[in-house]
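S.K.: sequence plus predicted model, see below.
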Amino acid sequence: MSENKIDLLAIKNAELTALKKEVDKLKAEVKSQGVGSYEGNEYRAIVEERVSQKLDPEKTLEVVKKLNAKWLLKEVVNEEALEDSIATGEIDGAEFADCVIEKKTMAVKFVKVKK
């Protein structure tokens with residue numbers, strides 16, 4: 001690879017890093033306004049709450065042991081087998097309700113404003 005490409009890559013990487021910091025700061029400002037739609041001259045920013053969930057491994061392991069569902073165990077709970085067992089009715093999914101870890105994040109998306 002030529003030196004010019006390396007230099008160009010280093011320069012572009014520094015520019016990208018600076019730009020990412022600026023974008024992250026601006027996004028944080030928009031997100032701090034809360035859920036809603038915000039108009040600019042050409043774009044609309046829509047801030048929405050997103051929720052993701054995953055099982056708490058320790059709590060899930062406790063429930064699996066309580067139910068004596070040994071086929072779900074590996075070194076940790078086999079989540080794929082657990083999902084299958086819940087789907088087929090072998091295991092009651094409600095037993096794992098307290099094992100779910102919920103994560104909320106704010107997102108900004110942009111939509112071109114129609115004139």
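M.R.: Perfect, thanks for sending it. Numbers count the residues shown, from 1 in each chain.
S.K.: isn't Lys104 up against Glu49?
M.R.: Yes - if you go by C-beta atoms under 8 Å, Lys104 and Glu49 touch, sitting 5.8 Å apart. Just so you know, the C-beta spots here come from the backbone N, C-alpha and C atoms, and that holds for glycine as well.
S.K.: show me what the helix or strand containing Lys65 is packed against.
M.R.: Counting by DSSP states H and E, the element that carries Lys65 is helix 57-66. On a contact count with 3 or more C-beta pairs under 8 Å, 6 or more residues apart in numbering; DSSP states H and E, helix 57-66 meets helix 79-88.
S.K.: where exactly do the strands run in the chain?
M.R.: Taking DSSP state E as the test, the strands found in the chain are 36-39, 43-55, 100-112.
S.K.: please identify the deepest-packed of those strands.
M.R.: For the strands of the chain, the largest average neighbour count (mean count of other C-beta atoms under 10 Å) is found in strand 43-55, namely a mean of 13.
S.K.: sweet, I'm off.
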